[in-house]
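**Student:** pasting the structure only:
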């Protein structure tokens, strides 16, 4: 069980790092939307391609209110609370119990 616990802990840390990187990507998307980044720029295209599928799903439930798009704020909260606050901590506790 020791090996399984360590493997699960490694997966947990990987999920946490990916979630943190995605938070930085979402913040980059916010900054690009504020400064009006060129849509032909490869970095801007990367940010759009990576974030649009997730944000489009949120926009289906929460449309822009008074011209303000709250989907990025909701996405940040979801990633922080659900993934890092719940999933990562639950998996880490389970992995510690396996040791």
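**Tutor:** Received it, and whenever you're ready, just let me know what you need. Please read these numbers as outputs of a predicted model, since none were measured by experiment.

**Student:** by contact count, what packs against the helix or strand bottoming out on mean pLDDT in the chain?
**Tutor:** Within the chain, no helix or strand scores below helix 89-98, which has a mean of 88 by mean pLDDT, DSSP states H and E. Contacts defined by 3 or more CB pairs under 8 Å, 6 or more residues apart in numbering; DSSP states H and E place helix 89-98 against helix 2-35. C-betas here are computed from N, CA, C, even on glycine.

**Student:** on that earlier part again, by how many degrees do the least confident helix or strand of the chain and helix 2-35 diverge?
**Tutor:** 160 degrees (axes from the mean of the first three to the mean of the last three CA atoms, to 10 degrees).

**Student:** List the buried residues in helix 89-98.
**Tutor:** 91-92, 95 (16 or more other CB atoms under 10 Å).

**Student:** now swap in stretch 67-85 and tell me
**Tutor:** 69, 71-72, 74-75, 79, 83.

**Student:** residues in contact with that stretch?
**Tutor:** 15-16, 19-20, 22-23, 26-27, 29-30, 33, 51, 54-55, 58-59, 62, 64 (CB atoms under 8 Å, 6 or more residues apart in numbering).

**Student:** How far does it stretch from one end to the other?
**Tutor:** Using CA to CA, to the nearest Å, one end of stretch 67-85 lies 30 Å from the other.

**Student:** Leaving out chain neighbours, which residue sits closest to residue 92?
**Tutor:** residue 12 (4.9 Å; CB to CB, 6 or more residues apart in numbering).

**Student:** Let me know whether the one you found touches residue 88 as I believe.
**Tutor:** Yes - counting by CB atoms under 8 Å, residue 12 touches residue 88, with 5.7 Å between them.

**Student:** wait, what's in contact with residue 33?
**Tutor:** Residue 33 neighbours (CB under 8 Å, 6+ apart): residue 72.

**Student:** what do you get for residue 29?
**Tutor:** 47-48, 51, 72.

**Student:** on that earlier part again, quick check: the gap between the residue nearest to residue 92 and residue 83.
**Tutor:** As for residue 12, its distance to residue 83 is 11 Å (criterion: CB to CB, to the nearest Å).

**Student:** For the nearest residue to residue 98 once chain neighbours are set aside, grab the count of nearby residues.
**Tutor:** Nearest residue to residue 98 in three dimensions, chain neighbours excluded: residue 5, at 3.3 Å (CB to CB, 6+ apart). Residue 5 has 15 neighbours, counted by other CB atoms under 10 Å.
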